[in-house]
Each structure stands twice: as C-alpha cells, then as structure tokens.
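Chemist: What shape does this take:
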Amino acid sequence: MARSLATNEDERRTLHTLAHNLSYEVMPFKTAVEKVRAHVPTEVPLTVTATGGKGLEPTLDVSAQLAGSGYSVAPHVPARLVSGPDELNTIVERLEAAGIDRLFVIGGDAEEPAGEFHEALDLLRALDERGHHFVDIGIGGYPEGHAFFDDAVIGEALRRKAAHSHRILTQICFDPDAYIKWGTQLRQEGVDLPVYAGVPGPVSRQKLMRISASLGLGPSANFLKKQQNMLWKFFTPSGYRPTALLRGLVQKLHTADTRIAGLHIYTFNDLERTEAWRQELLAQARG
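Modeler: Below is the predicted model of the structure:
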C-alpha cells in the first residue's frame, strides 16, 4: 500500500477511524476456521455468511467454533431460512450457549421462505417479542440499490428495520461517491445507525468476478463483469486492492453528513492477504 491514503490532518483522523473500526466477513467453508485461526487476530470482529443452498448449520457451527477460539462473531441469519418461532428459539439458545451476542439479520436469497418469516423485519420483530441477549444486531444496506426491489421499497424497509437493530453493514460497492450520497440520504430520512461500508478485500480478479456474478453485488460489480476491457482500471496483475476506494472515502467522509463509522471487509476467505493489507492500513493510520 505505497500510495498515501491521507494527506492532511482531517484525512488522517478519518483514516484512523476507518482502520480501527473494521470487521471481516467469512464464508463457512470447511477450511474457514483453520484459516481464521492462522491469520486473523482475535481483535478483529467477524461475521459468518449463510446461503440458501447450505442452510444455517455451517454458519452456526463455524460461528460457535470461532467464538470458542476467542473471536467476536456475528452469524448471518437469513429470515427466509428460519421456519418459525420454534426454530428461532433454538437458534437463539444455541448462540447464547456459545457465548455469541452479536447477530446479522437479512431477508435471504431463498426463493421460498421456510415458514412465516418472509423478510428480515419479520424475524427482527419476532426476536423483540421473544426477548433476547444480543447486544449488537446488524442489518443490510444497499448503497447502489437492490437487484430485485425498487429503491423506495428498500428505503422504507431499512427505516423500519432500524428500530430493531444497532448497525448497518452494506453490500459491496466500488464507488466512494455512492457511499457518500447514500449515507447522506439515510441521515436526511432519519436513520441514524452507524454504517459500516462494505469493501472488497484484496482478492484475485477471477475470484472477485466469480463471486460478484453469482451474488449480484450492484451496478459497480455488473460494470466490472460486462466491461472486460476496462478491468485494468480496477485491477493490478496480482488482483484487486481497495486502495483507490479507501482513498476516495478518506478524502470525502470528513466533510460529509453521514454516519459511516467503519469498514466491513468482504474477505472471500483470502484471510492471509486481507490481514496483511489491514496491517498496512494500520501502519498508515499511525502515520
């Protein structure tokens, strides 16, 4: 990370805030726990993803193992994968027994809901009605909109979910201006939760394109997928590094009326490379 991310005192303060308020997203593959233990200090908060294809068990199992190793973990719980209050109760009790007091609630990408929870708000309300031990509940944010829902629908859903949660973790975006515009609009609409900007970590071009194409990460990712001849603008031969994106955020956040408080790094389980990049970021923040 040779390029300087901060060039004045305001920018240095912004960089320090972002570098010290950062979490990693981990996919619950078979080698995930081993890789985290080998490369990630326990000071880094984690989230563990879930997909409709594999169900919740891998997410809950990996989360419990990591919590047992001293990590602060927030498992993803997609509402559409939970069959109802009985299963939700089982999940909450299991997480409490594992010492996990953070959660990330999303609607999920399953075509058909497993039961009565059709969207994240349904599960969040059920949690409140049941009572729970969670001290930090995150919800999703979409700086570039959502592939399947109108912006007005997404905005209204976010405002309703905000009353039941503590923070917003955004989807991946490659455009600092999109973060600023969206974050400013959130505050204007009365949503004052801290926002953690979803940023792709250092990753190979092939892996990022494969993940982006399969998950539908927004217009920026679609642009990358379609405009193959423009990839050199975003990638070095060794892969993507979020330096330019971070530079844009550092330049603009200190004058913007947003609640962007930190970063959420999508690691794609390339944890050794991501942690090396984080250490470079911390070194610049110490400046």
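Chemist: The stretch 151-287 of the chain: helices as residue ranges?
Modeler: Taking DSSP state H, counting those that start in this stretch to define them, one finds helices in the stretch 151-287 of the chain at 151-162, 176-188, 205-215, 219-226, 243-253, 271-286.
Chemist: Serialize those to TSV and add fields for mean pLDDT.
Modeler: Rendered in TSV, the data for the helices of the stretch 151-287 of the chain read as follows (pLDDT from 0 to 100):
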stretch	mean pLDDT
helix 151-162	87
helix 176-188	93
helix 205-215	60
helix 219-226	45
helix 243-253	92
helix 271-286	93
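Chemist: Pick the most buried one from those.
Modeler: Burial of the helices of the stretch 151-287 of the chain is given as mean neighbour count (mean count of other CB atoms under 10 Å); helix 243-253 ranks first at a mean of 21. C-beta: built from backbone N, CA, C; applies to glycine.
Chemist: now that one, how far from the centre of its chain.
Modeler: Computed by CA atoms, centre = their mean, to the nearest Å, the chain-centroid distance of helix 243-253 equals 18 Å.
Chemist: now stretch 164-178
Modeler: Centroid separation for stretch 164-178 versus its chain: 7 Å, with CA atoms, centre = their mean.
Chemist: and what of stretch 30-47?
Modeler: Here stretch 30-47 is found 16 Å from its chain centre; the criterion is CA atoms, centre = their mean.
Chemist: So Y24 belongs to a strand, correct?
Modeler: Yes - when DSSP: H, G, I helix; E, B strand; the rest coil is applied, Y24 is found to be in a strand.
Chemist: which one is G140 nearest to, not counting chain neighbours?
Modeler: The shortest distance from G140 to any non-neighbouring residue, by CB to CB, 6 or more residues apart in numbering, is to I106 (5.1 Å).
Chemist: what are the phi and psi angles of the one you found?
Modeler: With angles defined as degrees, to the nearest 10, I106 sits at phi -130, psi 170.
Chemist: what ranges do the strands span in the stretch 51-200 of the chain?
Modeler: Listed from the start of the chain, the stretch 51-200 of the chain has strands (DSSP state E, counting those that start in this stretch) covering 73-78, 102-106, 136-141, 167-172, 195-200.
Chemist: For these, could you give me a markdown table that also reports distance to A64?
Modeler: Listed next are the strands of the stretch 51-200 of the chain as a markdown table, based on distance: least, CB to CB, whole Å:
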| stretch | distance to A64 |
| --- | --- |
| strand 73-78 | 8 |
| strand 102-106 | 13 |
| strand 136-141 | 17 |
| strand 167-172 | 21 |
| strand 195-200 | 23 |
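Chemist: Present those strands as TSV; the columns should include mean pLDDT and mean neighbour count.
Modeler: As requested, the strands of the stretch 51-200 of the chain are arranged in TSV below (pLDDT from 0 to 100; neighbours: other CB atoms under 10 Å):
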stretch	mean pLDDT	mean neighbour count
strand 73-78	97	26
strand 102-106	97	25
strand 136-141	97	22
strand 167-172	94	23
strand 195-200	94	25
